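just need the structure, nothing else, for what follows:
(one chain, ligands or ions: 2)
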Amino acid sequence: MKKLIPKFSLSLFPFVKKPLILLYNLTQRCNLRCDYCFGQYYTQSEELPLEQSKDLLSQFYALGVRRLGLGGGEPLLYKDIDQLIEFAIKKGFDVGLNSNGILVPDHLPALKRLSNLSISIDGANAEIHDCYRGKGSFAKTMLGIEAAFKEHIPLHFCCTLTQKNQEEWLELLVLAKKYQAKLQISPLYHQISGQESGVFPKPIEPGKLKKVLREIIREKKSDNTVFFSDQTYQLILDWPNYAQDYSANRESGHPVCLAGKKIITLDSQGNLFPCLRVSGSGKGRNCLDLGALKAYETLELPACKSCKWACYIEYNSLLNLSFGSIKNFLVLRSKRALN
Ligand code: SF4
Ligand code: SF4
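Ligands and ions are numbered 1, 2, ... in the order given. Okay, here's the model as predicted:
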């Protein structure tokens, strides 16, 4: 039986300046080469050894972090991933992991301990998925999904909406229901400056995106397979300028951004950042040199005040105690706790 809420920490209170959520990108390596990958995932192979990772996680736990999101690159390529998951769960973290699914069958005992396993999938068939992720990748990802499903691992499917797969989310919804998975749908964001790739897919044209967002909101109101709350999609729908992903102003209805305060990001070399957008910008603080506390306390916060990144809107709304997000979280969690 999975826990409904993580172990108590003062960080759970919005007015306490302590981190609660750590996104740890364990490795820059990946076994795929997706067209829209933001990372410089193929150029760096350095990653922290297990003991250093454990030490940093202990420091962050002591600071108040209770939710740990493991990512990459492909985090299942991290040499000691099973031991790290085991350690983090024993420590008291609520742990999720984002993967492309391919290596899932090799790590089932460890993955069974997760609160959620998020698998990136671009379409409900090979034609769409493989066009971004490479021939044969859909079949391998589906083997990972099947294996996780058989082991009752709570699944999330993560779909990035682009011009090519804008109609696909309904098919993915059917697939998610089949595997009792939650569906995280996020519009494609623009490339992060300095991380451009020449094959980046085209975002959906604004009029079409709005139509899809309205459909998603309608679906979310009648069924809970879509993961993010309807208010998150409403905020994306109302975003004032689709040509930009973030804004120097706090846009109407948006929660106060808590990146760098409650939500922090650690890269594979121990550099701490407030938010994924600035990860890799050279503006991080190295936790190995400074220790987790000093790195956290000296973080340089980005100038933006709001953005249209679905996961950050949802996290920020939750941490700002928005009624809609709390209700969504508790409904999704209570269903999982009963599994
Ligand atoms: S699976 Fe993820 S990390 Fe790997 S190339 Fe694709 S988008 Fe990048
Ligand atoms: S508004 Fe916050 S979460 Fe969004 S891009 Fe800026 S710092 Fe990151």
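
how about the CA coordinates for the helix or strand containing Cys158, as CSV?
Per DSSP states H and E, Cys158 falls inside strand 155-161. The C-alpha trace of strand 155-161 is given here as CSV (Å, rounded to 0.1, in the frame of the first residue of the first chain):
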residue,chain,number,x,y,z
LEU,A,155,2.2,4.3,-14.5
HIS,A,156,2.1,7.7,-16.0
PHE,A,157,2.3,8.2,-19.8
CYS,A,158,4.0,11.5,-20.8
CYS,A,159,3.0,12.9,-24.2
THR,A,160,4.4,16.0,-25.7
LEU,A,161,2.0,17.5,-28.2
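
which residues sit against it?
36, 96, 98, 116-123, 145, 148-149, 165, 168-169, 172, 175-176, 179-188, 204, 209, 212, 227 (C-beta atoms under 8 Å, 6 or more residues apart in numbering). Bear in mind the C-beta positions are built from the backbone N, C-alpha and C, glycine included.

spell out which residues of the stretch 101-250 of the chain are next to ligand 2.
The stretch 101-250 of the chain has residues Tyr246 near ligand 2, with proximity defined as C-beta under 6 Å from any ligand atom.

in the stretch 101-250 of the chain, what residue lies closest to ligand 2?
Residue of the stretch 101-250 of the chain nearest ligand 2, by C-beta to the nearest ligand atom: Tyr246 (4.3 Å).

which residues touch that residue?
277, 304, 306-309.

would a markdown table of those with secondary structure and neighbour count be doable?
Shown next, in a markdown table, are the contacts of Tyr246 (DSSP: H, G, I helix; E, B strand; the rest coil; neighbours: other C-beta atoms under 10 Å):
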| residue | secondary structure | neighbour count |
| --- | --- | --- |
| Arg277 | helix | 21 |
| Cys304 | coil | 18 |
| Ser306 | strand | 23 |
| Cys307 | strand | 24 |
| Lys308 | coil | 24 |
| Trp309 | coil | 21 |
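
give me the local confidence score for the residue of the stretch 101-250 of the chain closest to ligand 2.
Per-residue pLDDT puts Tyr246 at 91.

still on that earlier bit, check whether the strand holding Cys158 comes near ligand 1.
No: using C-beta under 6 Å from any ligand atom, strand 155-161 never reaches ligand 1; the gap is at least 8.4 Å.

related to what we said a few turns ago, and which of the contacts of Tyr246 is nearest Cys131?
Trp309 (23.7 Å; C-beta to C-beta).

show me the contacts for the closest one.
Trp309 is in contact with 186, 189, 245-246, 276-277, counting by C-beta under 8 Å, 6+ apart.

try Asn249
Counting by C-beta under 8 Å, 6+ apart, Asn249 makes contact with 305-306.

for the closest residue to Pro201 other than its chain neighbours, give me its contacts.
In space, and not counting its chain neighbours, Pro201 is closest to Thr162: 4.3 Å by C-beta to C-beta, 6 or more residues apart in numbering. Neighbouring residues of Thr162 by C-beta under 8 Å, 6+ apart: 36, 122, 132, 188, 201-204.
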